[in-house]
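> sequence? don't have it. structure:
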Ligand code: KG4
Ligand code: ZN
């Protein structure tokens with residue numbers, strides 16, 4: 001069964017063709033990051049307009065890459081949220097129109113659930129449930145007990161900023177460009193992670209919840225001074241910025257590791273599937289390997305960490321199986 005997956009929740013237009021929820025036949029992404037850089041974040045109206053331009057040509061490229069025609073697909077899956085309203089409308093409208101014109105069934109997929117599925121779709125063997133899921137993206141941060149590919153219970157989530165959002169905001173304070181996560185990772189490589197004694201927030205009586213807003217405030221005070229404004233001049237040197245990036249990244253990720261350890265104990269399992277843009281981070285991947293050596297940590301490959309159509313098509317296939 002071949003599924004066409006369409007993703008347009010934020011600033012990536014993405015289309016994929018996937019066989020039986022796993023085998024990726026084409027996975028095409030048109031990123032708008034360069035367009036949004038000058039605004040320091042995603043400009044929603046521009047994002048929606050760019051999706052209109054990008055989606056149909058991407059669908060054509062995906063079919064050419066897979067050497068398939070629309071007659072050979074069985075299902076269309078589209079990310080139906082969460083995301084930017086205008087961007088979502090472009091993807092869902094395109095999917096609805098194609099479903100009608102080609103007479104193919106259509107299934108809506110939750111974008112965050114698809115991030116949880118992305119590492120599973122790259123495994124040769126089926127996951128054993130229950131296991132742990134961890135989403136680290138620009139809009140979401142949560143730990144979940146996974147009962148199946150399509151069902152999970154949230155064990156803990158961020159009470160304020162998502163981790164990717166915190167990376168993006170701290171990156172702006174460090175005069176780095178959007179998206180900030182990869183920029184901070186790069187800057188941190190030559191920095192001293194012990195220079196600034198930072199710690200992520202703890203939420204009273206909720207040991208598996210996350211809080212990153214304190215780290216962000218600490219960044220503002222350290223970089224711009226106590227009276228400093230976000231748009232003000234940096235008071236610290238370029239070398240200090242490297243140390244701050246390394247210290248911030250360490251503090252955020254140590255918190256993730258600590259809460260993952262607790263969650264693994266509460267679920268009594270030794271397997272975790274991670275997903276979302278922040279899981280691209282190689283320092284995070286190393287920390288999981290070094291600090292949780294007994295745990296089977298499954299990270300998606302880079303092309304499936306970032307927003308993509310393959311995870312939408314993959315999970316869409318499973319949701320469709322449940323319906324019929
Ligand atoms: O999953 P994603 O592509 O979009 C959402 O669903 O939000 O995640 C985007 C987020 C951004 O905040 C970006 O800065 C972050 O993922 N990110 C990273 C890295 N690559 C992307 N954060 C830390 N290190 C990275 N290498
Ligand atoms: Zn995403």
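Cool, got the structure. Note that the structure is a prediction, hence the values are computed from the model and not measured. Ligands and ions are numbered 1, 2, ... in the order given.

> residues of the strand or helix carrying residue 317 that come out buried?
Assigned by DSSP states H and E, residue 317 belongs to helix 310-323. By neighbour count with 16 or more other CB atoms under 10 Å, helix 310-323 contains the buried residues 310-320. C-beta here means a position set from N, CA and C on the backbone, and glycine is covered the same way.

> of those residues, closest to ligand 1?
residue 311 (9.8 Å; CB to the nearest ligand atom).

> next, the contact list for that closest one, please.
Going by CB atoms under 8 Å, 6 or more residues apart in numbering, residue 311 touches 5, 7, 114-115, 117-118, 121, 275, 300, 304.

> helices - which of those land there?
Mapping these onto helices (DSSP state H) picks out 114-115, 117-118, 304.

> and of those, the nearest to ligand 2?
residue 115 (5.5 Å; CB to the ion).

> picking up where we left off before, turn the buried residues of helix 310-323 into JSON lines, including pLDDT and distance to residue 100.
What follows is the buried residues of helix 310-323, written out as JSON lines (pLDDT from 0 to 100; distance: CB to CB, whole Å):
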{"residue": "310", "pLDDT": "98", "distance to residue 100": "24"}
{"residue": "311", "pLDDT": "98", "distance to residue 100": "24"}
{"residue": "312", "pLDDT": "98", "distance to residue 100": "19"}
{"residue": "313", "pLDDT": "98", "distance to residue 100": "19"}
{"residue": "314", "pLDDT": "98", "distance to residue 100": "23"}
{"residue": "315", "pLDDT": "98", "distance to residue 100": "22"}
{"residue": "316", "pLDDT": "98", "distance to residue 100": "17"}
{"residue": "317", "pLDDT": "98", "distance to residue 100": "20"}
{"residue": "318", "pLDDT": "98", "distance to residue 100": "24"}
{"residue": "319", "pLDDT": "98", "distance to residue 100": "20"}
{"residue": "320", "pLDDT": "98", "distance to residue 100": "17"}
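
> the residue of the stretch 51-200 of the chain found nearest ligand 1: what's it in contact with?
Here the stretch 51-200 of the chain gets closest to ligand 1 at one residue, residue 181, 2.1 Å apart by CB to the nearest ligand atom. Each residue near residue 181 by CB under 8 Å, 6+ apart is listed here: 138, 164, 167-168, 171, 277-278, 280-281.

> leaving aside the residues next to it on the chain, what's closest to it?
Spatial nearest neighbour of residue 181, excluding adjacent residues (CB to CB, 6 or more residues apart in numbering): residue 167 at 4.2 Å.

> ok, so what distance separates the one you found from residue 263?
22 Å (CB to CB, to the nearest Å).

> quick one: which of these two has more around it?
Ranked by neighbour count (other CB atoms under 10 Å), residue 167 and residue 263 place residue 167 first, with 31 against 21.

> chain center to the helix or strand where that one lies, what's the gap?
Per DSSP H and E, residue 167 falls inside helix 163-173. Helix 163-173 has its C-alpha centroid displaced from the chain centroid by 14 Å (CA atoms, centre = their mean, to the nearest Å).
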